[in-house]
Each structure stands twice: as C-alpha cells, then as structure tokens.
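J.: Make a model of this:
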Amino acid sequence: MEEKVLSAAGRLCSLLLLSAFAVSLMLVLALGALQYREISGVLDEQYGPRTAQSYIAAKVRRHDHTGGVTLGALGGCDALVLREEIEGWDYVTYIYWYDNGLYELFCEAGSGLLPEDGERLLDLDSLSFDLADGLLRVTCADGGERYETCLALRAEGGAA
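T.: Predicted coordinates:
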C-alpha cells in the first residue's frame, strides 16, 4: 500500500511540475506578444516618414551632379526636381507631396503632366524641401511627428 501512495504522490508531483512549467510558458509567451505589439506599433508609426526620407536620400544621391538636383513645381505643387539625360533625351523625376501622400513622376522634360499623373508611394501628412548653399533639407510629418533630414550635395557648385 505504501508503494501505491508513493506512486500517487510521484504522479501528483510530476503533474504539479508539468502544470507549473505550462503556466510559466504561457506567461512568457504573453509577455513576448505584448512586447512585440509595442515594438510593431512604434515601427508602424515611423514607417512613412523614415521610408520617405531614405527613399528621397537615395534618389538625390543618384542624381547628385551639377544641375541634377533643383527645386521646382509640378502643376502648383512644390517639388524636388531630379534631372538626367538618357540617350540624348532630357528626363525629369519629380518628387512631391500631393493629396496627403508622397508622389513620384518620371517623365520627359517638358511633358506637361500633372501631379495626379504621378505614382503614389506612401501616405504622409506633409512634405517640404528647402535647398540652399548645396544643402537640401527634407522635412516630413506623419501622425503628429515631424522628421527632418539634411543632405549635402557633393556635385561641384551643388545644384544649378
């Protein structure tokens, strides 16, 4: 009879240990899910402005030659104008804020296209550019947060 009592006590201890392990595992998973949700929320909030700034910086670096980076307008929208020559033809890339979003339009220079003809890249509350003394300042806002990036143009004399 003592063996049956010891066997039952051993099973009970094993069951309690297994239950404690299961509860601990559930708590760790729940805490991990909460942390993931918090981190994911912060990254989602910053996605638009940071992506916009990285995208614009990459485009500016690609067009950083004399006369390649200027400010202008596209159908009444202030725009960053990136110029290039491809096989003897002049092309322009406009990057601008329109209809609460970052837009890009690549076309032949003087094509007469309008802001709504561009490609919407992502949502933004605002976007502005300032170019002075070879320094391009890109300011964008989304979700009440304002982000600013400064890019030094390396081309001789900066922008034309």
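
J.: neighbouring contacts of stretch 51-66?
T.: With contacts defined as Cβ atoms under 8 Å, 6 or more residues apart in numbering, stretch 51-66 is touched by 69, 80, 82-84, 93, 95, 102, 121-122, 124, 127, 136, 138, 140, 147, 149, 151, 153-157, 159-160. (Each C-beta comes from the backbone N, C-alpha and C, glycine too.)

J.: mind listing which of those residues are in helices?
T.: With helices taken from DSSP state H, there is no overlap with the contacts of stretch 51-66.

J.: so Asn151 sits right up against Leu135, yeah?
T.: You called it Asn, but residue 151 is Leu. Yes - Leu151 is within contact range of Leu135, at 7.3 Å (criterion: Cβ atoms under 8 Å).

J.: Of these two, give the one with the bigger neighbour count.
T.: Leu151 (18 against 13; other Cβ atoms under 10 Å).

J.: Who is the more buried one paired with across the strands?
T.: Here Leu151 sits in beta bridges with Leu136, going by DSSP bridges.

J.: Report the contact partners of it.
T.: 57, 60-61, 135-138.

J.: just the buried members of those residues?
T.: Among the contacts of Leu151, the ones that count as buried by 16 or more other Cβ atoms under 10 Å are 60, 136, 138.

J.: before we move on, which element is the residue most central in space within the chain in?
T.: What sits nearest the mean C-alpha location of the chain, by Cα atoms, centre = their mean, is Thr51, with 1.9 Å. Using DSSP states H and E, Thr51 maps to helix 2-62.

J.: Report the distance from that helix to the chain centre.
T.: 25 Å (Cα atoms, centre = their mean, to the nearest Å).

J.: looking only at pLDDT, what's the mean for it?
T.: Across helix 2-62, pLDDT averages out at 84.

J.: hang on, isn't Gly101 packed against Leu122?
T.: Yes - counting by Cβ under 8 Å, Gly101 touches Leu122, with 6.5 Å between them.

J.: tell me the pLDDT at Ser111?
T.: If you check Ser111, the pLDDT there is 90.

J.: For Arg11, see how far away it is.
T.: 81 Å (Cβ to Cβ, to the nearest Å).

J.: mind checking how far the nearest residue to Arg50 once chain neighbours are set aside is from Tyr98?
T.: Closest residue to Arg50 apart from its sequence neighbours, by Cβ to Cβ, 6 or more residues apart in numbering: Tyr147 at 6.9 Å. Tyr147 sits 19 Å away from Tyr98, going by Cβ to Cβ.
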